[in-house]
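Asker: Generate coordinates for the sequence data below:
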Amino acid sequence: MGGTHYFYVVPYHRDTQHALDRLREREFRAGRYYPVMLEISFRNVGFLEQVPGARHASIEDAVRASRDTGTRSILDISAVAEQPAYCSTAPLGPDELEDFFGTTQPTREQALKCDELPEVVDRGQCRHVVLFKNGAPDELLFVGCSFD
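Answerer: Prediction:
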């Protein structure tokens, strides 16, 4: 089976690790991860309304329970890195931003229309982009790919 891409948009925070930790906690508490949800569709309009609740004592327990497949969610990503690496998120560089969006300050609208963006994410990794509104950082986009 091939990896499945996932994406999340969250409010901007200058500390990406802080934003990542909050996102992971939110998704854990909601139970939006494998093995709680056997089928996860991030393109589903009602995805965020699905709240089966966490079925594990901690994020670490959920990751262990998912075994080799991973959680198929942001729970698999625990750190911010400078370069792409397993279980980490790394920023898109200025050249990548220019290639994808024609600017180093993409908006939410530009990012959500970019179907090619998931292609730069390898299995078990994540990339993030600061999204701008009226010339100022507004949100963070995390785009990842599951292990399986």
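Asker: Flag the shaky bits of this structure, pLDDT-wise.
Answerer: Along the chain, the parts satisfying pLDDT under 70 run over 1-2, 41-48.
Asker: How about residues contacting the longest strand seen in it?
Answerer: Using DSSP state E, we find that the single longest strand of the chain is strand 136-145. The contact list for strand 136-145, computed with C-beta atoms under 8 Å, 6 or more residues apart in numbering, reads 3-14, 16, 19-20, 23, 74, 76-77, 89, 108, 111, 117-118, 121-133. Where you see a C-beta, it was placed from the backbone N, CA and C, and this is true even at glycine.
Asker: mind saving the C-alpha coords of that strand as PDB?
Answerer: The C-alpha trace of strand 136-145 is given here as PDB (Å, rounded to 0.1, in the frame of the first residue of the first chain):
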ATOM      1  CA  ALA A 136       1.600  39.100   7.600                       C
ATOM      2  CA  PRO A 137       2.000  35.500   8.800                       C
ATOM      3  CA  ASP A 138      -1.500  34.100   9.500                       C
ATOM      4  CA  GLU A 139      -1.500  30.300   9.500                       C
ATOM      5  CA  LEU A 140       0.700  27.300   9.200                       C
ATOM      6  CA  LEU A 141       0.100  24.500   6.700                       C
ATOM      7  CA  PHE A 142       1.400  21.100   7.600                       C
ATOM      8  CA  VAL A 143       1.500  18.500   4.700                       C
ATOM      9  CA  GLY A 144       2.600  15.000   5.500                       C
ATOM     10  CA  CYS A 145       2.700  11.500   4.200                       C
END
